[in-house]
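Engineer: fold the following for me, if possible:
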Amino acid sequence: MSGFWSTWVVVLACVTAGLSLFLFVWGITMRIPTQADGTTGHVWAHGVLREGVRPLPKWWMVVSLAAFLFAAGYLYRYPGFGNFAGKLAWSSRGEQRSESAANDARLEVRLAAWRAAGIEQLAANPSAVSIGHRLYLDNCAACHGSAGHGNHAVGAPDLTDADWLYGGDSETILKSILEGRNGMMPPQGPALGHNATNAVASYVVSRSGTIAPPDQVAAGKVTFDTLCAACHGVDGRGNPALGAPNLFDNVWLYGGDIASVVTTVRDGRSGVMPPWGGRLTNDEARLIAAWVVAQGNARVAAR
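Structural biologist: Numbers count the residues shown, from 1 in each chain. Below is the predicted model of the structure:
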């Protein structure tokens, strides 16, 4: 706080306290002239009502005096009087640092015990999963949703199912969290043209149970086997090494309706999972991975 504002706070505090103390003393010491009947002589309502004078109640004076003493003690012990830090030298920042350090110390005790455990073991630990969920909500839910079910609008995959772009083992999930992923589906529209693009999309959605014109499906299969199988495999089941998704399981990053698939084939897609290694510690990333694994385990158990 600059010298000017410190002085301003001191003056304001002194004026406020001094004026309040003056009014307090004045209120209990001043004497209002009264008549023999104890009234001031002021009369209202055609002489029916007369203004009386009563001293301030003792409880009010005791409470007010206690408030003045409390205020003086507070300004002596805590900051509030300009640049004076108070006898205790307390600050909200110091309190926050102290509480954060204590919380970190308590957390470190747990983390130290969990470092020797594998992610699958952590996924079976309710306490570890609970902390992992909180970390997930703080860092991942904006794209993948609070329940981890993904978001077609940004191409964020469902993290609770058995479908994985790069593999669903715990170490691969941890690597995705720490190092990120860059998935790119190149646009095929310029090479295929309108009709072939629609035919490939028809073939792809037909393999997921959507009814499409048979002639479109047949033509699309030929194009798929020639152009798309290089990344997605001849059987269309994808390639984790490239992050190429399985196209025949009815799980979609950007939506599985014919219009969305046509858009994907024609214009391509560019999906980026940013690396979180610079924001999260390895311990935190492991706990998030444990929460993800636990969601998949729970979904399998529910079937």
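
Engineer: now the helices for the stretch 201-303 of the chain?
Structural biologist: Read by DSSP state H, counting those that start in this stretch, the stretch 201-303 of the chain holds these helices, from start to end of the chain: 214-223, 229-232, 258-267, 282-302.

Engineer: quick one: list the elements packing against the last one.
Structural biologist: Yep, that's helix 282-302 we're talking about. The helices and strands touching helix 282-302, judged by 3 or more CB pairs under 8 Å, 6 or more residues apart in numbering; DSSP states H and E, are helix 92-114, helix 119-123, helix 126-139, helix 170-179. In this view, the C-beta of every residue, glycine as well, is placed from N, C-alpha and C.

Engineer: got CSV for those helices, with mean pLDDT and mean neighbour count too?
Structural biologist: Conversion of these to CSV gives the following (pLDDT from 0 to 100; neighbours: other CB atoms under 10 Å):
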stretch, mean pLDDT, mean neighbour count
helix 92-114, 93, 11
helix 119-123, 96, 19
helix 126-139, 96, 18
helix 170-179, 96, 18
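
Engineer: how's this protein carved up into domains?
Structural biologist: Domain assignment of the chain by automatic domain parsing yields the ranges 3-77, 105-180+274-302, 183-273.

Engineer: first-to-last residue distance for the last one?
Structural biologist: The first and last residues of domain 183-273 sit 8 Å apart, counting by CA to CA, to the nearest Å.

Engineer: try the shortest one
Structural biologist: Using CA to CA, the end-to-end distance of domain 3-77 comes to 21 Å.

Engineer: helices or strands up against whichever strand or helix holds residue 25?
Structural biologist: Residue 25 is part of helix 3-29, with elements assigned from DSSP states H and E. Applying 3+ CB pairs under 8 Å, 6+ apart, we find helix 3-29 packed against helix 58-77.

Engineer: so what's the residue count around residue 11?
Structural biologist: Other residues near residue 11 number 11, with proximity taken as other CB atoms under 10 Å.

Engineer: what's the answer for residue 150, then?
Structural biologist: The number of residues packed around residue 150, counting by other CB under 10 Å, is 20.
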